[in-house]
Every structure is written in C-alpha cells, then in structure tokens.
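K.L.:
Model the following, please.
(chains A, B and C)
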Amino acid sequence: MKKPHITDILLLVMSAALCIGVKLLFHACAPKEDGSWMACHWAEQAVFAASLGMSLTAFVRLFLDRRARAGAALGMSITAAVTAFIPGVFIRLCMMNDMRCHAVMRPAAVILCVLIVICGIADFVLARKEAAA
Amino acid sequence: MKMTAQGLTKEYARKSGNANRFTALHPLDFTLETGALTVLMGRSGSGKSTLLNLLAGLMRPTGGTVLAGETDLFALSDRELSAFRNAHIGVIPQGQTAIYSLSVLENVLLPYTLTGSAEGEEIARAKALLERLDIAGLADISPADLSGGELRRMAIARALVRQPEILLADEPTADLDDENTATVCKALQAAAGAGAAVLMVTHESGAEAYADRMLTMQGGVLSE
Amino acid sequence: MKQNLAYRNLKAKPVRTAILVVLTALLSLTVCGGTLLVSSLRTGLSSLEARLGADIMVVPYEAKTKSNLESVVLQGNPGYFYMDMSRYEKIASREGVGQISAQFFLASTSSGCCSIPVQIIGFDPETDFTITPWIRRSYGGALEPGDIVVGNDLNAFVGDTLTFYGVDCRVAAKLDKTGTYYDAAVFTSVETIQQLIASSLDKGMNDFAGIDPERVVSAVLINTADGYSIEEVLNDINIHVKKVKAVQTKEMIAGISDSLRGTSDLIGVLIAAVWVLGLVILLLAFTMSVNERRREFAVLRVIGASQGKLAAVVMQEAMLTGLCGAGIGTGLALIGVAAFRSALEAQLGLPFLLPGAGRICLIAVLSILAVLIAGTAAAAVSAYRISRIDTALILRGDNG
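P.N.:
Below you'll find the model as predicted:
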C-alpha cells in the first residue's frame, strides 16, 4: 500500500461516518408505539446499505494503483450523489418536516454525501494532474 | 559609488552597571573606495560590525554622517533608506540568513521580488551567480538542505544579484573551511574588480591575501 | 517571477497555518452561527406575533387552568377544548368588541400517512381576520367543504388527500413557512371541521363526548373596537361572561419573549467566551510565529524591506488566514444552521424562522469582516513589534 493521499483518507473517513452515523448518530425516527416502522426507516436502511458499499470501496481502493483508485473515487462520487437523493426523494420520509428524519437524518446524510462527491472529484482531478505531470 | 563617513561615532546605553554608556566607535573619518576590496580586521568586540551596520544604514549613529556617493544615508526616511539599500548596497550579514519558505534561487532573487518582480534577465543573472559560486545544482531546493558553506555562498549571490555599487560583508568566511573561504574571498574580489566598493569585516588573518587595502580596529578606533 | 512572501510563508508551515485557519474559522463559526440563531428566533417571534394577529383570545376556563392554552396555541402541541356557542354569542354582544371570530380545534390521531397527531384548526371565512389574510398569500380561492390548507412542515402537497377520522380531505394549498406551530397545523373551514369533530365523536375518539359539533367553539379571537382599551374589554369579558378566560395575546407571547431573551443572552455569552479565548490564542500564535522568524525579518530588512513592508508581510499573513478561516467558518455556520434548522427549532422549543436571504448575506459578510478585523488586530501587535526590530542586534554574532 502506497502512502495514502489526503483525499483517500477523507473518502474513507466520510463514507464510514455516513455508514456509522446513519445508524447511531443521525438515524431516522424511532419506531411507532406498536413497534412498526415508519417510511423513513427504509430510507435509513437504504442510506446505510449505500454507505456500507462506499466504505468498503474506500478501503479496498487504498490497495489499488493510482488509476484504479481515481476511477473508484469517481464511482464513489456518483454513488454518493445518488445516495443524497434517497431520503425524501426516492424514499418518502415522515409527514412532518420537524420530525427527526427530516430535521436530522436528511441534512446530515446530504451534507456527508456532498462532501464525498467533492472529495471523489478532487481525487480524480488530482490523479489526472499527477498523470499529466 | 564611494562611501564616506565623517565624525562617525556610536555609543550604546548599557542596561545595567555603573558606567551606563559605552563607546563602541570613537569618532572616525573613513572612506570606502570604489573598485577596491577593503578588509577590516580586529578582535571580537572591537567595533567592526558596528561600523559595518552604520555604513549599511541598519543602525543610527550617535554622531557623524555617512555619505553613499552624494546621498546622506541618515537624512533619508526609513522607506527611502530601505529603497536605497535595496538598489545600491549589498549586505552579507553574519551567520545563516536564509528565508526558509523560499528555494535557493528565490532567496537569491529576493532583492528584486521584494520590491517588484524578477524577469528573464534577472533570473539568468542569479543563475549565473549560483554557477560561479558552484551551487547552481541547488537552485531549486530548500535552504534547509544546504550546508553552512553553501548557505554563505547563497547569501553572497543574493548580495551581488543587483550588482550593488557598495558591498558590505560581515564575517563572510566565519566557520568555513579553507576551500570555501577562498571561494568567498574570490567572489568579493571579483565584485571589487567589477567596480564596487567592497568592505569585508573579519577577524581571520587569511583574508589579507585578497585585500587591496587593510584596516584594523581596536577598542572602537580605526587605523590603517 | 513574482513572490508573495506572506503566501509562501504560510505554505511553508502548513501545521501552523492550519491552526490559524481553524482558530479563525471557529471565531466566524460562533459569531455567524450565533447571530443567525438569535436572528432566526427574533424572526420567529415576530412571525408568531403577526400570526396571532388579535388583541384578545378567549378560551374555556378549563383550557386556561389546565395550561392547555399555551401548549396548544403557542407550542403547537395537538390538543382541543370546547365551549358552548352561547358563550361566543355573549362575548360578541359585549361592549368594546370590534372584530370577532371563532376558531375550532381538533387533534388528529395517527392519521393515514401522518404517523403523529396533527392540530386541525377550523375558522369561519366570513368573520376570520387572523388566518385568512395569511392563507390568501398562498391560496386565493375559497375553501370548499373537504378542502384543507396545510402548514409548511407537513409533508403533503396540493392535490394530496389526507384522511382524518375517516373523512377524506383534499389539500388545496400549502402555506409559507412561519417558524411557528402553524407550520405543523392543518386549516379548514368551519363546515369541514364540524364534520371532522362529528366523525371523531362517532368513532368515540374525542375526549368531549356528548357535545354538539355544530354548537361548540374552541376559542374566540377579538380585536377591540376604536376607543376601547384592550384591558377594558378583557376585564369586562372576564367579569361578565362565565366559564371563559380572556387573555391578552401579547401576554401569552411574553413567556416566549423571555425565553428568547434568555437564549440570546446565553448565545451572546458563549460567543464572547469563544472570542476572548480565540483572540488570546490568535495573539499568542502570531507573536510566536513572528518571534521564531525574527532573524528572517532582519534579513529582509538588510535586503531593503522597509518597516512598513515587514508589517505588511505579517498583516498579509493574518489577512490570508483570516479570509480563509472566516470563509470556512461562515460557510459551515450557514450550512449547519440552514440544514439543521428543524432540529434546532425542536431543541430550543421556540419559534424559529430563518431571516430573508438579504439578511443572511449581511450576517455572513459582517461575520467575515469581524473575524478579519479581529485577526488583523491580533497580528497588528506582532506586525508593529517586528517593524521596530533592531536588525543589527538580531544579526550580530559574537564578533562585534
């Protein structure tokens, strides 16, 4: 494994933060009193699955060569961009905008996804510059 | 450009002790001739560096004047004096004098870039100087990676790059081996040969061989 | 070749630069975030004042004693209470009553897609003077039976159908954000809410069994007539109409105003604490950073840098780090407050409405300016000291 770039570390840290955070820190609404889940729970599950995939990709790419790493970073950017639309667009959240899924989970997930997108693109651009140099 | 000092004197105020003032430089008259390498020798604490700093305008005298050509250095404002020093006086201070955030070449070009920019001609001159001082291969590295002798040569290149009419070198050969000492002395000699008025302050006797004129200083009194 | 010495100095010491940037970012984060928070609370309060829009609110006496009123009217917790229509008629006949209109409250239970109870407010379009003007901004038409208007926080859109107590209601409009409990409420006409109350009674889901939906009201809103003071009319109603409690709406908001003042003060103290600490650290950081480069500055002086030039290098370093840090901190504050405004609102329990874009920009620009001024002021001390260095003394060895 070569010495990782700052973008490599950021991609790994942010996708792991999304993966762990969406389950522990900024999770969706709690289940109803009867124990059944509301719609937002499935958005949470989907974000978790996507971010788990991104975390694994971010880890595995550390062992790849520069070109493959850049490609994987771009792939992560695309996945993150799609993931940002899961809560609220692809999967509906709860009825009230002041509920936890709207107030906490969605903004936190969107912000982390945007950061992953920026980082992934930055890594790809850096790799191209390095290749040109 | 000739440099003339008249009645130049410097007293320091001591911070403690009974004798609260001490005279580093007794009133002296002195001329630094163009096209000559003047070597000023003397023991530590004899007042050599004080004289050099006064000539460079880095310190204000207690009395007397310093004329560089027709210009009275101490009649100038700080901004004017700084600009004058930048354009006409090359100073090689004691010790390590690198700016560590810049490369060796950028350090040498500082007299230009400090007040404007360095273009093709200036860069070519800086590179030629590095070549002459045998450190051309180090142009793009950080001064942090240079040895003491290399750093000193870099400082000389920086002092020479604007082709100053006056060159003042304070102990430029201190801590250098014989080979480096010779390189430095030859560079100063060459500057004098090119028409500059050069003063080299040292307490090492080896410099005598390169001098056009020898001066000594003892207890703040200058003698030929 | 041109060299920006300040920029090169910063680049050469990435850790030191990063610390300075983080510090200035922290300063701008607190000042921008804090100001935006307080500003949002103020906007929320004035929005609430505007929404209440009546001088006096009359509710059944039990509502007041159960402290139901504040919970329902100000905090927006779903709830309801009723009094007989005869009380409304009595109040309307009192002297000094100018505009008067009744409101009808009902709380939905876990209704269809609404997984939580929603406050439903019925109003009489004929007499209403508080809700209608504001609904008109989003919806121009008349509300047909079965039509509802939803608050901004409800995740329902025009044309959607929401079911309350088995009655299908069509969303006719969605209101602008107010930052108050109205955002989580549903509004409808008197006919529709009477139908909903009846349905809730039929299903045995209303705490007030036995009432006649067509003969009850929940609250009466009053604007006093010209020539009568609010206190006068308020006292008159409280003395002469039984089993009701008239409250001045301004008084109801007083509690919120106090909390807002408390929260503002707390935020102010926090900002001050962070700033004092931050400025001391900045001052130390610049002093240390300049002190360890005294020799380099002396060399610049030898090469021909004026005192002003040395000071300018230090000031430029401060400006560059300040600009970078202030940009990052302000950006984070804006994104943080905007993205998590609902969570902040829930946490603070106060009306919360982001101010307009112009005001947000003003706060951001002022925050950046404040940090730049503070950062350069902290550096100015070092800049002044470095411009006055004794070059000869610094460069002197032991050979004087």
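
K.L.:
which other residues reach the lowest-mean-pLDDT helix or strand in chain B?
P.N.:
Evaluated with mean pLDDT, DSSP states H and E, the helix-and-strand set of chain B has its lowest mean pLDDT in strand B:221-223, which scores a mean of 82. Contacts of strand B:221-223 from elsewhere in the structure, counted by C-beta atoms under 8 Å, 6 or more residues apart in numbering or on different chains, are B:26, B:28, B:30, B:40, B:51, B:215-217. (C-beta placed from N, C-alpha, C; glycine too.)

K.L.:
try 7 Å
P.N.:
Applying C-beta atoms under 7 Å, 6 or more residues apart in numbering or on different chains, the contact partners of strand B:221-223 are B:26, B:28, B:30, B:215-216.

K.L.:
Which pLDDT does the model give residue 53?
P.N.:
No chain was given, so I picked chain A. The per-residue pLDDT reported for residue A:53 equals 95.

K.L.:
think we crossed wires, I meant chain B
P.N.:
90.

K.L.:
Surely it is in a helix?
P.N.:
Yes: membership of residue B:53 in a helix is supported by DSSP: H, G, I helix; E, B strand; the rest coil.

K.L.:
Near it, how many other residues are there?
P.N.:
The local packing of residue B:53 (other C-beta atoms under 10 Å in any protein chain shown) involves 27 other residues.

K.L.:
Tell me the secondary structure at residue 98.
P.N.:
By default, I'm working from chain A. Using three-state DSSP as the criterion, the local structure at residue A:98 reads coil.

K.L.:
that's the wrong chain, I meant chain C
P.N.:
State at residue C:98, reduced to three classes by three-state DSSP: strand.

K.L.:
Could you find the closest non-adjacent residue to it?
P.N.:
Take residue C:98 and drop its neighbours on the chain: the residue closest to it by C-beta to C-beta, 6 or more residues apart in numbering or on different chains is residue C:225, 3.6 Å away.

K.L.:
Was I right to think the one you found contacts residue C:99?
P.N.:
No: Residue C:225 lies out of contact with residue C:99 (C-beta atoms under 7 Å); the separation is 8.4 Å.

K.L.:
Comparing these two, which residue is more hemmed in?
P.N.:
For residue C:225 versus residue C:99, neighbours defined as other C-beta under 10 Å are more numerous around residue C:99 (16 against 13).

K.L.:
which non-adjacent residue is nearest the more buried one?
P.N.:
Closest residue in space to residue C:99, ignoring its immediate chain neighbours: residue C:223 at 4.1 Å, by C-beta to C-beta, 6+ apart.

K.L.:
Could I get the contacting residues of that neighbour?
P.N.:
Residues touching residue C:223, when contacts are defined by C-beta under 7 Å, 6+ apart, comprise C:54-55, C:98-99, C:129.

K.L.:
With pLDDT and distance to residue C:288 added, can I get the residues you listed in JSON lines?
P.N.:
Below are those laid out as JSON lines (pLDDT from 0 to 100; distance: C-beta to C-beta, whole Å):
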{"residue": "C:54", "pLDDT": "85", "distance to residue C:288": "62"}
{"residue": "C:55", "pLDDT": "87", "distance to residue C:288": "62"}
{"residue": "C:98", "pLDDT": "90", "distance to residue C:288": "69"}
{"residue": "C:99", "pLDDT": "90", "distance to residue C:288": "68"}
{"residue": "C:129", "pLDDT": "86", "distance to residue C:288": "65"}
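
K.L.:
Can you tell me which of these is nearest chain B?
P.N.:
residue C:54 (67.6 Å; C-beta to the nearest C-beta).

K.L.:
So for the longest helix anywhere in chain B, mean pLDDT?
P.N.:
As far as residue count goes, and with DSSP state H defining each element, the longest helix of chain B is helix B:178-193. Rounded to a whole number, the mean pLDDT of helix B:178-193 is 86.

K.L.:
same check, this time on stretch A:6-20
P.N.:
Across stretch A:6-20, the per-residue pLDDT values average to 95.

K.L.:
quick one: that stretch to chain centroid distance?
P.N.:
Put simply, stretch A:6-20 sits 8 Å off its chain's centre (C-alpha atoms, centre = their mean, to the nearest Å).

K.L.:
Okay, buried residues for that stretch please.
P.N.:
A:7-8, A:10-12, A:14-19 (16 or more other C-beta atoms under 10 Å in any protein chain shown).

K.L.:
Among these, which ones are in helices?
P.N.:
When the buried residues of stretch A:6-20 are checked against helices using DSSP H, the ones located there are A:7-8, A:10-12, A:14-19.

K.L.:
from these, which are also near chain C?
P.N.:
Restricting these to those adjacent to chain C (criterion: C-beta under 7 Å from any C-beta of the partner chain) removes every one of them.

K.L.:
Give the intersection of the neighbour lists for residue C:225 and residue C:99.
P.N.:
In terms of C-beta under 7 Å, 6+ apart, residue C:225 and residue C:99 are not both contacted by any residue.

K.L.:
Local confidence estimate at the residue in chain B that chain C sits nearest to?
P.N.:
Chain B approaches chain C most closely through residue B:86 (2.5 Å), counting by C-beta to the nearest C-beta. For residue B:86, the model assigns a pLDDT of 92.
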